[in-house]
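Visitor: Need coordinates for the following:
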Amino acid sequence: MPPKDFKKLYDTVFPILYRVAFGVTRSAEAAEDLCQDAFFKVFEKNMVFPSIDDAKFWLIRVVKNAALNYAKRKERERQVYQKAFREDTRVTPTGEDDLVRKETANEVNVALDALPETMRVILILTENSGLSYKEIGRILGISEGNVKIRVFRAREKLHCLLEQKIGV
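Guide: The predicted structure follows:
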């Protein structure tokens with residue numbers, strides 16, 4: 001891939017890749033590393049794609065899978081650490097607003113983590129990547145209509161989980 005095309009690809013796709021990776025890992029540092037690794041693969045292997053869109057979709061797929069693997073590995077590490085050291089994971093609040101914000105974010109993240117992986121991924125791609133349903137469908141290898149259905153079902157399931165959590 002010529003340097004000019006690589007730079008154009010990097011400039012247009014990196015923000016999308018970062019949002020996808022951050023949505024899955026919830027770590028800015030990990031998200032950046034995963035995005036950089038994906039671009040290194042393209043550059044080192046001197047990969048050629050029929051179009052920038054094909055490269056974009058390939059990169060999103062690579063970053064999504066790498067981020068999911070990273071998140072799973074981190075969760076396993078956290079569980080081992082907690083088991084070994086009986087770590088207290090409660091957060092000490094510094095103020096009422098801070099407490100409400102943290103509790104809300106935590107409840108949403110717990111509910112999101114409780115979703116099946118396919119539902120969690122579709123929500124992350126929809127909410128964090130800025131991609132259209134058509135683009136998400138292309139990444140996941142499903143139709144645009146199927147993406148809409150999965151997003152609807154995932155949001156409904158997330159809503160139910162959150163309602164159960166707050167007891168409404």
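
Visitor: contacts, neighbours, all on C-alpha from now
Guide: Will do.

Visitor: Can you pull out the low-pLDDT segments for the protein?
Guide: Filtered on pLDDT under 70, the chain yields the residue ranges 1, 87-94, 166-168.

Visitor: what's the nearest residue to the most centrally placed residue in it if we skip its chain neighbours?
Guide: By C-alpha atoms, centre = their mean, the chain has its centre lying nearest to residue 24, at 2.8 Å. Distances taken as C-alpha to C-alpha, 6 or more residues apart in numbering place residue 67 nearest to residue 24, at 6.0 Å, with adjacent residues excluded.

Visitor: ok, the one you found - contacts?
Guide: Residues in contact with residue 67 (C-alpha atoms under 8 Å, 6 or more residues apart in numbering) are 21, 24-25, 31, 34.

Visitor: what does residue 154 give?
Guide: So residue 154 contacts 115, 119-120, 122-123 (C-alpha under 8 Å, 6+ apart).

Visitor: go with 6 Å
Guide: If a contact means C-alpha atoms under 6 Å, 6 or more residues apart in numbering, then residue 154 has residue 119 as its contacts.

Visitor: What's the separation between it and residue 2?
Guide: According to C-alpha to C-alpha, to the nearest Å, residue 154 and residue 2 sit 40 Å apart.

Visitor: ok so, going back, which of the helices or strands spans the residue nearest to the centre of the chain?
Guide: Counting by DSSP states H and E, the element that carries residue 24 is helix 3-25.

Visitor: Could you export that helix as PDB, CA atoms only?
Guide: Coordinates of each C-alpha in helix 3-25 appear next as PDB, following Å, rounded to 0.1, in the frame of the first residue of the first chain:
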ATOM      1  CA  PRO A   3       2.400   5.600   1.900                       C
ATOM      2  CA  LYS A   4      -0.100   8.200   0.700                       C
ATOM      3  CA  ASP A   5      -2.900   5.700   0.800                       C
ATOM      4  CA  PHE A   6      -1.800   4.300   4.100                       C
ATOM      5  CA  LYS A   7      -1.900   7.800   5.700                       C
ATOM      6  CA  LYS A   8      -5.300   8.400   4.200                       C
ATOM      7  CA  LEU A   9      -6.500   5.000   5.600                       C
ATOM      8  CA  TYR A  10      -5.000   5.800   9.000                       C
ATOM      9  CA  ASP A  11      -6.500   9.300   9.200                       C
ATOM     10  CA  THR A  12     -10.000   8.200   8.300                       C
ATOM     11  CA  VAL A  13     -10.200   4.800  10.100                       C
ATOM     12  CA  PHE A  14      -8.200   5.300  13.300                       C
ATOM     13  CA  PRO A  15     -11.000   7.300  15.100                       C
ATOM     14  CA  ILE A  16     -13.500   4.600  14.400                       C
ATOM     15  CA  LEU A  17     -11.200   1.800  15.400                       C
ATOM     16  CA  TYR A  18     -10.400   3.700  18.600                       C
ATOM     17  CA  ARG A  19     -14.000   4.100  19.600                       C
ATOM     18  CA  VAL A  20     -14.700   0.400  18.900                       C
ATOM     19  CA  ALA A  21     -11.600  -0.700  21.000                       C
ATOM     20  CA  PHE A  22     -12.400   1.700  23.800                       C
ATOM     21  CA  GLY A  23     -16.000   0.600  23.900                       C
ATOM     22  CA  VAL A  24     -14.900  -3.000  24.500                       C
ATOM     23  CA  THR A  25     -11.800  -2.500  26.700                       C
END
